[in-house]
Structures are given as C-alpha cells and as structure tokens.
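Asks: Predicted model, plus sequence, below.
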Amino acid sequence: MNFMNSIRLGILLAWKAKIWVLVFWLVVALVAVVFTVAQFSGRQPATVSLDVGLSFIRIYMAIVVSLLAQELLAKEFERRYFYYSLSYPVSRAVVLTARTASIYLIGFAVLILSALVLYSIVTLIGAGYSQSRPVSLSAPFLMVVMFLALDLAVITAFAGLLSILSKTPGFVLIGTVGFAIIARSYSSVIQLLGGERILVDNPESYKSLLSLLDFLLPNLGMLDIREIALYNDYSFLPNHLSVVILNPLLYSTFLMLLSIWMFNKRRLG
Amino acid sequence: MNEFRYPALLLLVVALYWGLVLSTSTSKVGNVAGPEGRVVIAAPLQVALAFGDRYLAANIEAMRLAATGMEANPETGAIDGNYLLRGHLAVSELNPCHEDNYYLANALLAWGGADESSNKILDVATQCRHWDFLPPFLYGFNEYFFNRNIPEAQNALKIAASRSPDNSEAMKRFSIMIGTEEFDDEAMALAYLEEQKSQAKSSTLSKSLQDRIVRLQGLLILRSAQAAYETEYDQQLVSPEELLSKEILNTFPNDPLGIGYEFVDGKFKLRQLRIQGVERPQ
C-alpha cells in the first residue's frame, strides 16, 4: 500500500463517515451567520461580515479536523482496522503520515470551499453598501486563508498526536479544541493583561510567567493576519514573516515526529 | 393498560413540575442590571471566551452594545451610560481598528457627558486606522467644543486634513476659525486671519478665508460707526437704523457668508448659526 493509496483510503474513510453532511450544514450556518451579522453594522457591513465569517471558519475548521482525526485515526484502534493497515510491508511511520496527510487534505479542501463561499457572500454584501474603506478580497484575502491553512496544519498534527495517545476517541475532540483555544488566545491575553489593573494584582510578573508559554505552545494568534484583508492594508502584516511561517511548520513537524514515535510503541491490542 | 403506566406517571410528574414553575414565577425581572449596571467582561477573558479570537470578541461586544445600549435601566429610567462606557472601552481594547465602535462611542458618550473616555477611544482609533480621517476629526472637534483645547484640536484637525484630500480645505478652514474665536479682540482676530490667508496655498481656502475677513471687517465697520455716533450725539445707540438715518453709514456692510450681524444689548455682534442641541457649554 503505497503512500498515495493510503491517502486515497483516508479520504474514502472520511466519505464513508459522511463528512460531507457536516460540511454542508456548516457552510449553511456560515452563510446564515454572515448575513445576519452584516445587519448589525451601520457603516461597514462587508468588513464585519468578513471578520465574523473568518472567525466562524476558524472555529469550525478546528472542530472538523478533530472530528476527522477522531474518525480516521482514533476509531481505527477501536475498530481494529489497524491490524489490516499495518499488515502491508510499509512502516508504521508511512501509514501514520499518510493518514494524517489525508486528514489535512480534506481539511484544506473544506477550508478552500468555505473561503470561496465567504468570498461570494462578502462580495454580495459589499455590493449593497459601499464603504469608505472596502475590504480586499484578492491577494490579502488569499494570504489570510493560507495563514489559516498553516494554523490548521498545527491543529491537525495535534489531533493526530492525541488520537495516538488517547484511549478513548472522544477525547480527541475536547483535547484538540482546548489546545486550539489556548494556542490561539494566549498571545492576545498576555498583551491585554498588560493593561488590565483589575484582573490581576501584578500584571508584569503574570506576563513574564505566561511568556514561558511561547516556548511550549505554538503562537497561533500570530497567524491571524486578517486585518490586511479587512482594512486592505499590508502594514498590518507581522514583522519577521519568515519566522511567523516557519514556527508553525516546525511545531507541526515536532508533533508529527512525536506521533510517529508513539505510534511505533503503541500496542494495538 | 400496563404499557401506559410509565408514560402516565411521567406525564403526571411533568405536569406537577410545570405547575410548580408557573406558580412561583414572578413578574419578569428583565435584564441582568444590578446596582453597578450590566456586566462587561474584562477584555482578556473575552478573548478566551471567544475561542481565542479577539476580533470575534470585539464584534460580539460591539453588536451587544448596539442592541442593548439604548435600553433604559428599569430601576432608574435612564440609559446606563456607565455600561456603554465600559463596553465601548472593552471593544477598543480588543480591536482598536473597529470602525463601528468609535463613532457609536463618540455619538453616545461624548454628547452624553463622557467626552474624555470617548476621546480615549478616538485617540486609539486614530492611531490604528491610519487611513481614516474621521477619528482625528471627531477628536479635534471634541477637544475644541468640550475642552476648549485649541492647540490640541488644531493638531488633530491637521492629521484629519492630511488623511482626506476631499475634505482637507474644510478642515483647515475649521482649524483656522476655531483659532480666531479665541481672540477677544476682533482686530487681533482679523490680523490672524489675514496672516493665514497669505499663507494659504490653495485658492479655495484663500477665497473662503477672504470671505471671513470681509465679514470681520464689516463688524469692525459697524463698531467704529457706533463709536462715532456715541461720541457725536453723546447717547447710547438704541437701534442700528440710527446710523443710516444720521448718515454715519451709507449702507450696512454686507456679510459674504450670508449669516449677518446682530445688535444685542447695545453691541454689534456676529450672528451665530444656532443649531438645536448644539450649545457650547459655558
């Protein structure tokens, strides 16, 4: 079973698990949410709808990827399918990598589909009320989506790791979602705590403690560069763009290697 | 009938439960306003609650304010300004570039007595939205109108003028005119205007400043005519028509802006445009 066939198998497994039903309803919800939210803004409906649309996509992509990992990896242990998958003359590493790659490919496809739907709705809304500063749905929007794909890579790798480590499939969803929330929020929280005199007594020491998280968790908040599309302005791009792109890739590689190592050691029984 | 035993029992219990609920429910308490007003969650916590997304947190909070901000507190009957203040400040922390936040905050807070907080939000918006002329313009206006801080206002208006080519003439003119208002002596104001006109690079600005110079010169003509009447006839001027009938003036000076002059309490003044609700606090 070579690599490409493994990937095909992964995709077929997801299809069998009726992932398209979930994706359909999520996209329907996206359309409903975005249109509703545009009503709340007086002067910038397109900006607010793009903003909330992107937020909604980020939230449900994390959930979709964890559900996929649950289905394609964690449940395989329950169903004992791995006895079959591992009976071929390929290493466990290849099997796991191929399966995780198929999860990511499906996730990436869902992301692109959602981005296209969002593009259409925001264009429609933007045609209704002409803002003084229109959103940019061309190259900046594409960049935002690509950075979101990077975010998704880290979450996929983490979901894969949890599938290998956990005894129950249900834990993959909770653990991955929790990881996503913390990894995406800690940089903003640290920054906001700096100005907050009410919540904590000594914000500075709190800040220095929380900065240790920079070494442990990936800074997924840095990957949210949506302001370049919302306000059509490249000055909102982070500095050291190469570092910003490399960090999640390195972290995903780390998680993937960890998963392979754990998978090699795991007993299937 | 045995098969209906459990469903019947369940129905009975449900009916009892609803009966209890109905009997103890009082009149609607309504919103969650306490003595300190509605809850606004601190910004860092809102980020965590919004799935780690500060933009989502800002949008949700902004929408919540738009939907609930204008409700009157049932206990006091007034709009809860403190809640609006805390809410708008929270959104400003979460996403300083948020557009709806700054102009709603300005409309509700600045004219509701909390102009300092409104200015804080506008200041942050000016820095974040570096293409937008409206935050610095509103900031400058607030500084002029509420704080009478003319230099600060003029600085802000300069920033606003640089960001909006279409409106820059009007804003430069506004900036110059609020400078003249602070002169007690009309002659000094006139000198200031003429100096500004000589420095004006654009012809439209020059022309509109010239109109104002002519308006001010008209006022000075009227005042000197009044002084001449009072020294010659040794009595207070009662009505401006005396100046015409005594032939001190041939005609009243014409105001190029069309607003005109008025004679109030024995003095000539520039007639002001009065807009309902926009009275400068004394």
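Replies: Structure's in. What do you need? Numbering: from 1, shown residues only, chains lettered A, B, ... in the order given.

Asks: The residue in the stretch 151-282 of chain B positioned nearest to chain A: what's its closest spatial neighbour, skipping adjacent residues?
Replies: Chain A sits closest to B:Ser164 of the stretch 151-282 of chain B, with a gap of 9.6 Å, by Cβ to the nearest Cβ. For the C-beta atoms, the positions are set from N, CA and C on the backbone; glycine is no exception. Excluding its sequence neighbours, the residue lying closest to B:Ser164 (Cβ to Cβ, 6 or more residues apart in numbering or on different chains) is B:Phe133, at 3.6 Å.

Asks: if I look at the residue of the stretch 151-282 of chain B closest to chain A, how far off is A:Thr253?
Replies: Applying Cβ to Cβ, to the nearest Å, the value for B:Ser164 to A:Thr253 is 49 Å.

Asks: Compare the two (neighbour count), which wins?
Replies: Comparing B:Ser164 with A:Thr253 by other Cβ atoms under 10 Å in any protein chain shown, the one with more neighbours is B:Ser164, at 18 against 12.

Asks: wait, that one sits on B:Met171?
Replies: Yes - counting by Cβ atoms under 8 Å, B:Met171 is a contact partner of B:Ser164 at 7.3 Å.

Asks: What residues does the stretch 51-200 of chain B have near chain A?
Replies: Neighbours of chain A within the stretch 51-200 of chain B, by Cβ under 8 Å from any Cβ of the partner chain: B:51-56, B:59, B:62-63, B:66-67, B:93-94, B:97, B:99-100, B:103-104, B:129-132.

Asks: switch to 7 Å and redo it
Replies: B:51-56, B:59, B:63, B:66, B:93, B:97, B:99-100, B:131-132 (Cβ under 7 Å from any Cβ of the partner chain).

Asks: Could you list the low-confidence segments of the stretch 101-250 of chain A?
Replies: Residue ranges of the stretch 101-250 of chain A with pLDDT under 70: A:195-203, A:206-207, A:210.

Asks: and the gap between the residue nearest to B:Ser164 and B:Met171?
Replies: Separation of B:Phe133 from B:Met171 (Cβ to Cβ) stands at 8 Å.

Asks: quick one: common contacting residues for those two?
Replies: Jointly contacting B:Phe133 and B:Met171 under the rule Cβ atoms under 7 Å, 6 or more residues apart in numbering or on different chains are B:Ala160.

Asks: residue ranges with poor pLDDT in the stretch 1-150 of chain B?
Replies: Applying pLDDT under 70 to the stretch 1-150 of chain B flags the ranges B:25-37, B:73-74, B:76.

Asks: run the last query once more with 50
Replies: The stretch 1-150 of chain B contains no residues with pLDDT under 50.

Asks: so which residue of it comes closest to chain A?
Replies: B:Gly52 (3.1 Å).

Asks: Tell me the spacing between that residue and A:Val110.
Replies: Counting by Cβ to Cβ, the gap from B:Gly52 to A:Val110 is 20 Å.

Asks: the more surrounded of the two?
Replies: Higher neighbour count among B:Gly52 and A:Val110: B:Gly52, with 26 against 23, using other Cβ under 10 Å.

Asks: The more buried one falls within a strand, correct?
Replies: No - looking at B:Gly52 with DSSP: H, G, I helix; E, B strand; the rest coil, it is coil, so not inside a strand.

Asks: For B:Arg163, give me its contacts.
Replies: B:Arg163 touches B:Trp131, B:Asp132, B:Phe133, counting by Cβ under 7 Å, 6+ apart.

Asks: Now, these that are in strands?
Replies: Counting by DSSP state E, the contacts of B:Arg163 place none of their members in strands.

Asks: Tell me the buried residues in the host helix or strand of A:Leu246?
Replies: If you go by DSSP states H and E, A:Leu246 is part of helix A:241-265. Buried residues in helix A:241-265, counted by 16 or more other Cβ atoms under 10 Å in any protein chain shown: A:Val244, A:Asn247, A:Pro248, A:Tyr251, A:Ser252, A:Leu255, A:Met256, A:Leu258, A:Ser259, A:Ile260, A:Phe263.

Asks: How about stretch B:58-71?
Replies: B:Ala58, B:Asn59, B:Ile60, B:Glu61, B:Ala62, B:Met63, B:Leu65, B:Ala66, B:Gly69.

Asks: Then stretch B:252-267?
Replies: B:Phe252, B:Pro253, B:Asp255, B:Tyr261, B:Phe263.

Asks: The stretch 151-269 of chain A: strands as residue ranges?
Replies: Counting by DSSP state E, counting those that start in this stretch, the stretch 151-269 of chain A forms no strands at all.

Asks: Would you state the helices of it in chain order?
Replies: Applying DSSP state H, counting those that start in this stretch to the stretch 151-269 of chain A gives helices spanning A:170-193, A:203-210, A:213-216, A:227-230, A:241-265.

Asks: May I see these arranged in TSV, with distance to chain B as well?
Replies: Putting the helices of the stretch 151-269 of chain A into TSV (distance: least, Cβ to the nearest Cβ, whole Å) gives the following:
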stretch	distance to chain B
helix A:170-193	3
helix A:203-210	10
helix A:213-216	13
helix A:227-230	7
helix A:241-265	15
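
Asks: Give the other helices and strands that the strand or helix carrying B:Glu143 contacts.
Replies: Using DSSP H and E, the element containing B:Glu143 is helix B:134-145. Contact analysis of helix B:134-145 by 3 or more Cβ pairs under 7 Å, 6 or more residues apart in numbering or on different chains; DSSP states H and E lists helix B:99-109, helix B:115-128, helix B:150-163 as its packing neighbours.

Asks: Now with 10 Å, please.
Replies: helix B:99-109, helix B:115-128, helix B:150-163, helix B:168-181 (3 or more Cβ pairs under 10 Å, 6 or more residues apart in numbering or on different chains; DSSP states H and E).
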